[in-house]
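Chemist: predicted model and sequence follow; I will ask about them next.
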Amino acid sequence: MNNNWINKIKTLKFQIGLGIFGLIADQITKIWAVLRFTNEDGTLTREMIPIITIANEPLLRFQLVYNEGAAFSSRPQDIMPFLPPVVFFLLMSIIALSVLIWFFRTIDYRDWVSRLGVIMIISGALGNFIDRMRLQKVVDFIDCDFPDFIMARFPTFNVADSFVTVGVILVFLSPVLLKKIHQQIKLEKEIKK
């Protein structure tokens, strides 16, 4: 990657643009999945589209699954049985987005990797939040398999989940990728004390 691209990626304009792109891509792919894998009467077709196959085993396939719970299909009724699921997800989303926005504002502008990661997490969280408010469930359709030494099958996910995962990885990798910048930020904070 040349410096011109890196300089573009560092800008808030690019980062917000990527977040908006992720949100739109998430919603478009979910609409496609619902239309592609649902019969006219609204029932699931249970059809699978293999994308990558090795030895007649699909490593990557598309298959529509609805997640009516929280992360990894956990049920909000088990956590707070007195709240309807829609209210639970609304409150959790507002709290999570508020914390993420606060965290974003505390990140030094030079730490562009963390800022990009947080924007990706916000984009993914908004994508799944839209599903929960619109459908009371999340549309998942990307189904991956790994060699059986890890797990039988990875949980089905969507573009929003991918954005959240990559965003979290970027936030955690930022101190390694931008070691000098993080050291400089830390030194400046110590001097201010």
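Modeler: Great, that's in hand.
Chemist: give the next helix or strand downstream of the lowest-mean-pLDDT helix or strand in the chain.
Modeler: Using mean pLDDT, DSSP states H and E, helix 76-79 stands out as the lowest-scoring helix or strand of the chain, at a mean of 68. The element immediately downstream of helix 76-79 (helix or strand, assigned by DSSP states H and E) is helix 85-106.
Chemist: tell me the mean pLDDT for that following helix?
Modeler: What helix 85-106 shows for mean pLDDT is 90.
Chemist: got it, and stretch 152-168?
Modeler: 91.
Chemist: so what's the residue most central in space within the chain up against?
Modeler: The centre of the chain sits closest to residue 164, judged by C-alpha atoms, centre = their mean, with a distance of 2.6 Å. Residue 164 makes contact with 120-121, 124-125, according to C-beta atoms under 8 Å, 6 or more residues apart in numbering. Where C-beta positions appear, they are placed from N, C-alpha and C, glycine not excepted.
Chemist: rebuild these as JSON lines, extending it with distance to residue 65.
Modeler: Listed next are those as JSON lines, based on distance: C-beta to C-beta, whole Å:
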{"residue": "120", "distance to residue 65": "23"}
{"residue": "121", "distance to residue 65": "22"}
{"residue": "124", "distance to residue 65": "17"}
{"residue": "125", "distance to residue 65": "19"}
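Chemist: between those, which is nearest residue 31?
Modeler: Residue 31 lies nearest to residue 124 out of the contacts of residue 164, by C-beta to C-beta, at 16.7 Å.
Chemist: next up, the contacts around that closest one.
Modeler: Counted by C-beta under 8 Å, 6+ apart, residue 124 has contacts 22, 26, 159-165, 167.
Chemist: restricted to strands, list these.
Modeler: Among the contacts of residue 124, no member is found in strands (DSSP state E).
Chemist: make CSV from those and add distance to residue 14 to it.
Modeler: CSV is the format used below for the contacts of residue 124 (distance: C-beta to C-beta, whole Å):
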residue, distance to residue 14
22, 13
26, 18
159, 19
160, 20
161, 22
162, 19
163, 15
164, 19
165, 20
167, 15
